[in-house]
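Trainee: Provided below are the primary sequence and the corresponding predicted coordinates.
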Amino acid sequence: MMKKTFLLLALLPLMAVAQVKIPKGANRFIYWQIEYGEQNDTTVITVECNPDGSILILTPEPEGKKIPGYCQTVTSADYAADSITVTATYPDSTYYYRTGFSRNDLEWKHDGNRHITSVNSNTLEFEMDEKAPINVNPLPYYGLNKGVLRSFTRNGQKRLMLAKAEKNKSLEFSIKNPKSARRVTPRELDRIMKERLVVTTRIFDHEQICWGKKNDHVKGYAAVPFDTVLHYAGGTLILKKVKLPRLPHHYQHFVEIHQQSNGDAYDRTGSLFIVTPGFFEGINQHPDSLPTFVGRDGQRYQGMISQTGYDAPLELVRFFTPFGVGHFNDRMKGYGIDWRDETYYRQEITDLYHFDDDVVIGAWIGNYDGGGHIVTVDIKSYPNDYTIPEDNTEESGFALPLFNTCNVLEMAGQNYGKLFATDSLTVIFKLYPETNSAKLRYISTGHGGWGEGDEFVPKQNTILIDGKVAFTHTPWREDCGCYRDLNPVSGNFWNGLSSSDFSRSGWCPGTATQPIYFDLSPWADGREHTLTVAIPQGKPVEGMFSHWAVSGVLIVEY
């Protein structure tokens with residue numbers, strides 16, 4: 001494939017000099033479509049011509065087994081009617097088509113056979129052979145319908161060029177849309193084709209996370225029922241076992257979360273995570289049943305550090321609810337702000353997508369409100385190729401949780417991550433030399449909701465490997481004021497600021513915290529190493545304490 005691509009690209013400059021001759025009666029035109037990306041790839045577009053002057057534009061079928069949602073598309077253009085039709089045919093025998101017209105809103109500069117315009121800040125140049133006795137343009141929607149397109153250039157780079165013109169006596173075609181075909185607008189067809197390529201797994205559908213529900217109980221991790229929402233920690237934690245689709249490795253995966261207040265007025269910590277079998281026992285029984293260590297402060301910290309036979313929960317997304325979005329919007333009219341209806345979080349998790357088919361996913365929002373919050377959660381998977389590779393079953397790496405002090409069992413008695421005042425957090429890891437890359441996916445947010453609490457004071461996080469400083473990071477957000485329209489009942493002050501405007505340690509009310517990555521490849525030597533997290537946590541004040549919610553996942557690629 002790469003050799004073929006290289007040869008094709010190597011010939012392109014020659015073709016640019018020696019233009020393709022168009023024989024008399026030519027009715028088939030072949031174009032090379034040149035794509036510049038991680039892999040230089042050249043595909044072919046074929047234009048077939050009808051005696052009535054209409055053209056059919058064909059792109060090659062990708063070789064191999066097709067991904068879910070793939071469809072065949074055919075484009076035809078009737079120059080006389082200035083009409084362009086795209087037909088999409090799916091394997092399940094559903095059809096869509098749309099009819100549109102060439103654009104008439106473009107401003108053109110003409111220089112002989114060169115025609116130049118601009119679309120969305122992109123400079124487009126069309127080289128047309130207007131002396132040709134036939135009209136052929138595989139890009140008819142731009143409205144250049146006279147002559148044969150020889151090359152198309154965008155921003156100085158050739159994207160399309162004529163490779164061959166020939167006469168085919170047996171060529172016959174006609175476009176007939178099946179009676180079952182549904183006619184849609186151009187934008188609708190574009191949306192349908194894209195949406196059908198996306199694989200959506202609904203995790204939670206308008207589920208309530210609140211205080212006051214009875215805890216569920218099952219006989220163990222293996223007994224968790226599929227597609228059933230379970231409630232724990234008084235209803236502040238919900239779980240669901242789902243079957244995630246096995247997809248080619250070229251897919252990208254995103255979590256989408258929609259959240260509204262259902263009565264709770266405050267900014268709360270939330271987390272979406274994979275429930276490991278060991279951690280489920282602490283959910284199903286009590287946090288004290290989890291592996292626990294006693295800090296120098298004499299307090300017990302349950303289930304926060306992975307060890308032999310136990311994995312901490314694997315955090316996918318750390319998010320923070322704003323002050324009362326949705327539920328309190330009507331109450332706070334008159335401030336000159338159009339409050340948003342909900343909070344929307346979207347975060348890529350491709351590097352974490354190394355799960356078995358069956359996983360238990362948990363969602364937590366810490367609150368003691370009877371109405372609480374409403375959440376909808378999806379995992380959406382987007383392809384980067386139209387086919388499924390033959391080696392798709394080969395695993396390319398793994399994601400292993402190392403630690404997680406985000407106390408999702410807070411309302412069941414799990415301690416806060418306030419150990420950093422007197423201790424550091426240490427785990428053991430081992431990486432082998434055949435590892436291509438290894439990194440730590442690190443999320444850190446500081447808490448302590450008063451003026452000198454760690455929520456409002458920048459604190460450097462230090463990561464040590466084998467006792468030596470390897471990385472430092474200070475989690476801090478200074479853009480919280482951008483999310484004012486998500487916070488209808490945020491506290492307002494005399495000077496015009498709102499409490500939701502204040503900068504915070506790695507988060508804002510209404511945002512998801514972005515993970516930070518640290519390269520661990522230098523320690524891929526087959527030996528055990530210690531990884532230590534140290535944070536200068538602030539001291540308690542009048543019964544109030546600071547704490548840190550940190551999570552770390554080891555991501556390895558072979």
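Mentor: Here it is on my side, so go on. Residues are numbered from 1 along each chain as shown.
Trainee: break the protein into its domains for me.
Mentor: Domains of the chain are assigned by automatic domain parsing as 2-194, 198-557.
Trainee: where do the helices sit along the chain?
Mentor: 2-17, 186-197, 277-284 (DSSP state H).
Trainee: poorly predicted segments of the stretch 251-400 of the chain, please.
Mentor: 356, 392-395 (pLDDT under 70).
Trainee: let me see the ranges of the strands in it.
Mentor: Using DSSP state E, counting those that start in this stretch, the strands found in the stretch 251-400 of the chain span residues 252-261, 269-274, 292-294, 300-302, 314-320, 343-348, 358-365, 373-382, 397-404.
Trainee: what about the fourth one, distance to the chain center?
Mentor: What it means is strand 300-302. Per CA atoms, centre = their mean, to the nearest Å, the displacement of strand 300-302 from the mean C-alpha position of its chain is 34 Å.
Trainee: in terms of secondary structure, what does it contact?
Mentor: strand 292-294 (3 or more CB pairs under 8 Å, 6 or more residues apart in numbering; DSSP states H and E). Placement of C-beta: from N, CA and C, glycine included.
Trainee: over to the second one?
Mentor: If you count contacts as 3+ CB pairs under 8 Å, 6+ apart, strand 269-274 packs onto strand 252-261, strand 314-320, strand 358-365.
Trainee: could you export it as CSV, CA atoms only?
Mentor: Taking Å, rounded to 0.1, in the frame of the first residue of the first chain, the C-alpha atoms of strand 269-274 are listed here in CSV:
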residue,chain,number,x,y,z
THR,A,269,-17.7,17.2,42.5
GLY,A,270,-18.7,14.5,40.0
SER,A,271,-16.9,11.5,38.5
LEU,A,272,-17.6,9.0,35.8
PHE,A,273,-15.5,5.8,36.2
ILE,A,274,-15.0,2.2,35.5
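Trainee: contacts for it next, please.
Mentor: 255, 257, 259, 313-321, 355, 359-366, 373, 377, 401, 404, 406, 408, 445, 447, 549 (CB atoms under 8 Å, 6 or more residues apart in numbering).
Trainee: try it again with 7 Å
Mentor: By CB atoms under 7 Å, 6 or more residues apart in numbering, the residues outside strand 269-274 that reach it are 255, 257, 313-321, 355, 359, 361-366, 377, 406, 408, 549.
Trainee: one step back: which stretch among the helices and strands packed on strand 269-274 comes nearest Arg441?
Mentor: strand 314-320 (8.6 Å; CB to CB).
Trainee: circling back: could the helices and strands packed on strand 269-274 go into TSV alongside mean neighbour count and distance to Ile57?
Mentor: Output for the helices and strands packed on strand 269-274, formatted as TSV (neighbours: other CB atoms under 10 Å; distance: least, CB to CB, whole Å):
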stretch	mean neighbour count	distance to Ile57
strand 252-261	20	29
strand 314-320	25	42
strand 358-365	22	43
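Trainee: tabulate these (JSON lines), appending distance to Phe101.
Mentor: Formatted as JSON lines, the helices and strands packed on strand 269-274 follow (distance: least, CB to CB, whole Å):
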{"stretch": "strand 252-261", "distance to Phe101": "34"}
{"stretch": "strand 314-320", "distance to Phe101": "44"}
{"stretch": "strand 358-365", "distance to Phe101": "47"}
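Trainee: quick one, which of those is nearest to Ile555?
Mentor: Judging the helices and strands packed on strand 269-274 by CB to CB, what sits closest to Ile555 is strand 314-320, at 10.6 Å.
Trainee: please compute how far the closest one lies from its chain's middle.
Mentor: Centroid displacement of strand 314-320 relative to its chain, using CA atoms, centre = their mean, is 14 Å.
Trainee: name the helices or strands packed onto that strand?
Mentor: strand 252-261, strand 269-274, strand 343-348, strand 397-404, strand 437-447 (3 or more CB pairs under 7 Å, 6 or more residues apart in numbering; DSSP states H and E).
Trainee: what is the burial count for Lys24?
Mentor: Residues near Lys24, counting by other CB atoms under 10 Å, number 7.
Trainee: swap in Tyr432?
Mentor: 12.
Trainee: how close does it get to Pro522?
Mentor: In this view, Tyr432 and Pro522 are 13 Å apart by CB to CB, to the nearest Å.
Trainee: how about Ile203?
Mentor: Ile203 is 37 Å from Pro522, by CB to CB.
Trainee: ok, those two, which is more surrounded?
Mentor: Ile203 (24 against 10).
Trainee: show me the contacts for Val47.
Mentor: Contact analysis of Val47 by CB under 7 Å, 6+ apart lists Phe29, Ile55, Ile57, Val136, Pro138.
Trainee: I meant to write Tyr266 there.
Mentor: Phe323.
Trainee: Thr422 touches Gln299, doesn't it?
Mentor: No - using CB atoms under 7 Å as the test, Thr422 is too far from Gln299 to be in contact (9.1 Å).
Trainee: what's the burial count for the closest residue in space to His249 that isn't next to it in sequence?
Mentor: Nearest non-adjacent residue to His249, counting by CB to CB, 6 or more residues apart in numbering: Ser396, 5.9 Å away. Ser396 has 11 neighbours, counted by other CB under 10 Å.
Trainee: my read: Ser396 touches Glu557, true?
Mentor: Yes - assessed by CB under 7 Å, Ser396 is found in contact with Glu557 at 6.0 Å.
Trainee: for beta bridges, what are the partners of the nearest residue to Thr99 once chain neighbours are set aside?
Mentor: Spatial nearest neighbour of Thr99, excluding adjacent residues (CB to CB, 6+ apart): Thr85 at 4.8 Å. With DSSP bridges as the criterion, Thr85 is bridged to Ser76, Thr99.
Trainee: from Phe398, how far off is Thr85?
Mentor: 48 Å.
Trainee: what does Gln414 give?
Mentor: Distance of Gln414 to Phe398, computed by CB to CB: 26 Å.
Trainee: which one's more surrounded, those two?
Mentor: Higher neighbour count among Gln414 and Phe398: Gln414, with 25 against 13, using other CB under 10 Å.
Trainee: and Trp211, how many neighbours?
Mentor: A count of nearby residues for Trp211, using other CB under 10 Å, gives 17.
Trainee: cool, Tyr353 as well?
Mentor: 17.
Trainee: what's near enough to touch it?
Mentor: Applying CB under 7 Å, 6+ apart to Tyr353 gives the contacts His253.
Trainee: may I have stretch 245-256 as PDB, with CA atoms only?
Mentor: In PDB, the C-alpha atoms belonging to stretch 245-256 read as follows (Å, rounded to 0.1, in the frame of the first residue of the first chain):
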ATOM      1  CA  PRO A 245     -19.000  -2.700  21.400                       C
ATOM      2  CA  ARG A 246     -15.800  -4.300  20.100                       C
ATOM      3  CA  LEU A 247     -14.600  -1.800  17.400                       C
ATOM      4  CA  PRO A 248     -11.600  -1.400  15.200                       C
ATOM      5  CA  HIS A 249      -8.600   0.200  16.900                       C
ATOM      6  CA  HIS A 250      -8.900   3.200  14.600                       C
ATOM      7  CA  TYR A 251     -12.000   4.500  16.400                       C
ATOM      8  CA  GLN A 252     -11.900   7.500  18.700                       C
ATOM      9  CA  HIS A 253     -14.100   7.400  21.800                       C
ATOM     10  CA  PHE A 254     -15.700  10.300  23.600                       C
ATOM     11  CA  VAL A 255     -17.800  10.600  26.700                       C
ATOM     12  CA  GLU A 256     -20.800  13.000  26.600                       C
END
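Trainee: contacts for it next, please.
Mentor: Outside of stretch 245-256, the residues within contact range by CB under 7 Å, 6+ apart are 67, 199, 201, 272, 316-317, 346-350, 353, 357, 377-385, 388-389, 392, 396.
Trainee: which among those count as buried?
Mentor: Buried by 16 or more other CB atoms under 10 Å: 67, 199, 272, 316-317, 347, 349, 353, 377-383, 388, out of these.
Trainee: pick the one among these closest to Leu531.
Mentor: Once CB to CB is applied, the member of these that ends up nearest Leu531 is Leu316, at 20.7 Å.
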